[in-house]
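# pasted the sequence and its predicted model underneath.
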Amino acid sequence: MFERIKAPLYRLLRWSERHTKTDMVHFFSANFWLNISRVIAIGSGMALTVAFANLLTPESFGTYKYVLAAAGLVAAFSANGLMLSLSRAAAQGNLNIIPTVVRTATLWSIPASIGALSISLWYFTNSNTELGFAFLLIAFTNSISNGIGITKGVWQARGEYKLATIVGLPKMILPAAIVLLTILLTKSVVWILLAYFLSNLLVSWVSYIFMLRHMRVRSSTEGAKEAIDYGQKVSILGIFQLASAQIDQLLLWHFSTPVALATYALAMTPVNEVRNLLGNFLTVLFPKLATKTKEEAYRTVPLRMKQMFIVAAVLTVIYILLIPFLFKYLFPKYLESVLVSQVLALIILFQPRAIVDTLFAAHAEMGNRLKILTISQVIDFALALALVPFFGLWGVVWATLLSEGISALMFILVYLQASKKLRSQ
């Protein structure tokens, strides 16, 4: 049956290239495997979310999300930018620098881990053993997790989407299964966090070793300095970017209640899944932009943004219509999250801005990225600090919408400015 539809599908994809202006056979094949990966990730994530929402109290769920947000903040002060520089090097064929860059990322993560250890000791001295143990877990897993974590985009950068999906299956399924089993056995947040951090660390380590052997990586420092220097610059930007992604949840925890944080987290989770689905397009686009000349890459951006906006608009409408049914049957204790999630879904419309960010990252345009991310993250922090303490849950919602819209506008304006400058040269 597959052979019968293969030829007509091939002809249809080739015909569509007149309108999409891209290699649709490659795009369809790449997205097929990326979407399989995304569906599995959504399925395992949804199973966990259902378990958290129905088997734990909102207070325990809120505590769990607070610790994960704190772990994200600690990771922001690690060598996060090395992931982008390593993906760029892999797309250009330089794989032997992987062990060197991973060691560098691990070492750079140690100060952040020490910071998490200090917070752990503070919680212990203040008789909060639950959060004391939680931050102790962050401290002991952060450096290795972030070191290995920078290899996340190597498979995709090499165009090996099918293998990336196959290798990624254990990373998506096993930790989720272990955490789910832990929830069924105990309602202790500490044990659940222990299962989460250790299972992710173990599976990531095994996947990393397999990648090195499969790609026949021979450790070399040739080209590593350039990748590390670029990654260091990107990491400075990433601190603000990753920290701002967690600051709303941390502020909500401190200025509101764990229940409000659980409500917001549950409202935002499906929105992020839709954004990640659109992010598959960026994964396919990155190596193509990285191997084009700057002039060619700039010319492709307007069409790609229009295409992504159309898809984003359709997904937003579908999401707003369907999300009440999802919450009614899966999260009946959190029906107050429905309206919050519908309003937050509007940020999906801003996702095309990521195409411009991908362009700047692929061609190492640090000046443009620095300009946008610095200003937008300052605005993000300011909005969160101004709105969350006074308006709680809805303060987070409005701060998120405003900061996302401002960021999208800045990306477009800087792209137009840079494009005009490039044409005049």
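Nice, thanks for sending it over.

# which strand or helix spans the residue nearest the centre of the chain?
Centroid-nearest residue in the chain, with Cα atoms, centre = their mean: N276, separated by 7.2 Å. Per DSSP states H and E, N276 falls inside helix 258-290.

# for the record, mean pLDDT for that helix?
Average pLDDT, helix 258-290: 80.

# return the list of helices and strands in contact with the helix or strand that comes right after that helix.
On the C-terminal side of helix 258-290, the closest following helix or strand by DSSP H and E is helix 294-330. Here helix 294-330 touches helix 24-55, helix 258-290, helix 337-344, helix 353-362, helix 366-424, going by 3 or more Cβ pairs under 8 Å, 6 or more residues apart in numbering; DSSP states H and E. Backbone N, C-alpha and C define where each C-beta goes, glycine included.

# how about a cut-off of 6 Å?
helix 258-290, helix 337-344, helix 353-362 (3 or more Cβ pairs under 6 Å, 6 or more residues apart in numbering; DSSP states H and E).

# so the second one versus helix 258-290, what angle?
Calculated by axes from the mean of the first three to the mean of the last three Cα atoms, to 10 degrees, helix 337-344 forms an angle of 30 degrees with helix 258-290.

# now helix 337-344 against helix 294-330, angle please.
Interaxial angle, helix 337-344 versus helix 294-330 (the same axes, to 10 degrees): 170 degrees.

# and for helix 337-344, what are the contacting residues?
Helix 337-344 is contacted from outside by T263, L266, A267, M268, V271, I320, I323, P324, F327, V397, using Cβ atoms under 6 Å, 6 or more residues apart in numbering.

# in the helix holding N276, which residues are buried?
Going by neighbour count (16 or more other Cβ atoms under 10 Å), the buried part of helix 258-290 is 258-275, 277-278, 280-290.

# tell me, how many residues neighbour L55?
Counted with other Cβ atoms under 10 Å, the neighbours of L55 add up to 13.

# wait, doesn't it sit right on I183?
Yes: using Cβ atoms under 6 Å, L55 is in contact with I183, at 5.5 Å.

# Three-state assignment for S127, please.
At S127 the chain is in coil, as set by DSSP: H, G, I helix; E, B strand; the rest coil.

# just how off-centre is the helix or strand that contains L180 within its chain?
In this structure, L180 sits in helix 161-185 according to DSSP H and E. How far helix 161-185 lies from its chain's middle: 17 Å, per Cα atoms, centre = their mean, to the nearest Å.

# which is the next helix or strand following it?
Downstream of helix 161-185 (by DSSP H and E), the next one is helix 189-214.

# picking up where we left off before, of the helices and strands packed on helix 294-330, which is nearest K152?
Nearest to K152, of all the helices and strands packed on helix 294-330, is helix 258-290, at 10.4 Å by Cβ to Cβ.

# where does the stretch 101-250 of the chain dip in pLDDT?
Across the stretch 101-250 of the chain, the ranges flagged by pLDDT under 70 are 233-245.

# typo on my end, it should be the stretch 251-400 of the chain
Residues of the stretch 251-400 of the chain that meet the cut-off, pLDDT under 70, sit at 280, 283-284, 286-287, 290, 364.

# what sits up against stretch 251-258?
Stretch 251-258 is contacted from outside by E59, G62, T63, Y66, A260, L261, A384, V388, P389, G392, V396, using Cβ under 6 Å, 6+ apart.

# make it 10 Å
Contact with stretch 251-258 is made by 57-67, 69-70, 260-265, 381, 384-385, 387-393, 395-396, 399, as judged by Cβ atoms under 10 Å, 6 or more residues apart in numbering.

# in ChimeraX, how would I select the buried members of those?
Buried members of these, defined by 16+ other Cβ under 10 Å, are picked up in ChimeraX with:
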select :58,60,61,62,63,64,65,66,67,69,70,260,261,262,263,264,265,381,384,387,388,392,393,395,396,399
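
# to the chain's geometric centre, what's the distance from the helix holding N276?
Distance of helix 258-290 from its chain centroid, counting by Cα atoms, centre = their mean, is 6 Å.

# cool, and stretch 159-176?
Taking Cα atoms, centre = their mean, one finds stretch 159-176 lying 16 Å from the centre of the chain it belongs to.
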